[in-house]
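Asker: With the input below, show me the fold.
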Amino acid sequence: MLAPVIDLNADLGEGLGIWPLTDDDGLLDVITSANVACGFHAGDPSIMRRVCAAAVERGVVVGAQVGYRDLHGFGRRFLDVAPEELTNDILYQLGALDAFARVAGDRVRYLKPHGALYNAIVSHESQAAAVVEAVRRYDVLLPVLGLPGSVWLRLATEAGLSAVPEAFADRAYMPTGELVSRREPGAVLADAAVIAERSVRMAVSGQVAAVDGSIVDVAPRSLCVHGDTPGAVAVARQVRAALTAAAVDVRPFAAATSAAAATPTAAKPR
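Answerer: Predicted coordinates:
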């Protein structure tokens, strides 16, 4: 019987100027994929370049963590953005991070929406379509991360993109399979042992317990540990150790190669 395979990702580069938020170096020693903030909800050019360089040096895959243009709200407030504007915002962020990834010796290997945008496109058809359009126009071979059962992943699949289901090690789930709002108590888990146990269950059986005790099928190919929570590095280490102890093969879903061997493949307009 083949061992279960899971990717371990985290949000990195979420500081601004001299104010750090995530322990990027500590997390890069544990994770296999780095969701790097692209400057709209957090991050700046210097941070983006530094994180990309550190990720490539460690063999960690670089992904674009794109979000609303909302530095003050850290991208956690819904914005009623026109679809064409949202498409352009995503393209802008993708291109910026890809430049720094290429300077570091690789390129952006996948895309993951951040915060309120991530939650909105679970069900928001026009915004989900706008993000899909950005990825389709930039590189049809670029995988996208999202919540299983979301409109976002459905539209991505219909557009010919590689849709990668993701689960969250440290977030509470509703019976519907959606995440509990951060405005609710208990939405973000803090007990590293509990998080590690849930991670193993999701990787091995593809299931997670919702807040009401019901079982939600998630079947993730990638597992996220948030980098902006207290003790994130220690939690990530415990999660990886538990996965390894359970004979789970922890490796990226998108392999990195040299920048010279990879160029974006643009889709032809429909």
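Asker: Can you give me the pLDDT of the nearest residue to residue 214 once chain neighbours are set aside?
Answerer: Leaving out its chain neighbours, the residue that sits closest to residue 214 by C-beta to C-beta, 6 or more residues apart in numbering is residue 175, at 4.7 Å. C-beta here means a position set from N, CA and C on the backbone, and glycine is covered the same way. If you check residue 175, the pLDDT there is 96.
Asker: In a strand, residue 175, correct?
Answerer: No. Applying DSSP: H, G, I helix; E, B strand; the rest coil, one finds residue 175 to be coil, outside a strand.
Asker: you'd agree it is up against residue 208?
Answerer: No. Using C-beta atoms under 8 Å, residue 175 is not in contact with residue 208; the gap is 10.9 Å.
Asker: Now the common contact residues for those two.
Answerer: Common contact partners of residue 175 and residue 208 (C-beta atoms under 8 Å, 6 or more residues apart in numbering): residue 216.
Asker: Have a look at the two and say which one is more surrounded.
Answerer: For the pair residue 175 and residue 208, the greater number of neighbours falls to residue 208 (21 against 13), based on other C-beta atoms under 10 Å.
Asker: Need the three-state assignment for the more buried one.
Answerer: strand.
Asker: That one reaches residue 199, doesn't it?
Answerer: No. The pair residue 208 / residue 199 is not scored as a contact, 9.3 Å apart, by C-beta under 8 Å.
Asker: In terms of helices and strands, where is the residue nearest the centre of the chain?
Answerer: Of all residues in the chain, the one closest to the mean position by C-alpha atoms, centre = their mean is residue 112, 4.3 Å from it. Secondary structure from DSSP states H and E places residue 112 in strand 110-113.
Asker: what residues are up against the residue nearest to the centre of the chain?
Answerer: By C-beta under 8 Å, 6+ apart, the neighbours of residue 112 are 9, 35, 63, 64, 65, 66, 118, 144, 145, 146, 166.
Asker: Mind exporting the C-alpha coordinates of stretch 34-44 to PDB?
Answerer: Written as PDB, here are the backbone C-alpha positions of stretch 34-44 (Å, rounded to 0.1, in the frame of the first residue of the first chain):
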ATOM      1  CA  ALA A  34       5.700  28.900   0.700                       C
ATOM      2  CA  ASN A  35       2.700  31.100   0.000                       C
ATOM      3  CA  VAL A  36       4.500  34.400  -0.400                       C
ATOM      4  CA  ALA A  37       2.600  37.700   0.100                       C
ATOM      5  CA  CYS A  38       2.700  39.800  -3.000                       C
ATOM      6  CA  GLY A  39       2.400  43.300  -1.600                       C
ATOM      7  CA  PHE A  40      -1.400  44.000  -1.600                       C
ATOM      8  CA  HIS A  41      -2.400  42.600   1.800                       C
ATOM      9  CA  ALA A  42       1.200  42.400   3.200                       C
ATOM     10  CA  GLY A  43       4.800  42.300   2.000                       C
ATOM     11  CA  ASP A  44       6.900  44.600   0.000                       C
END
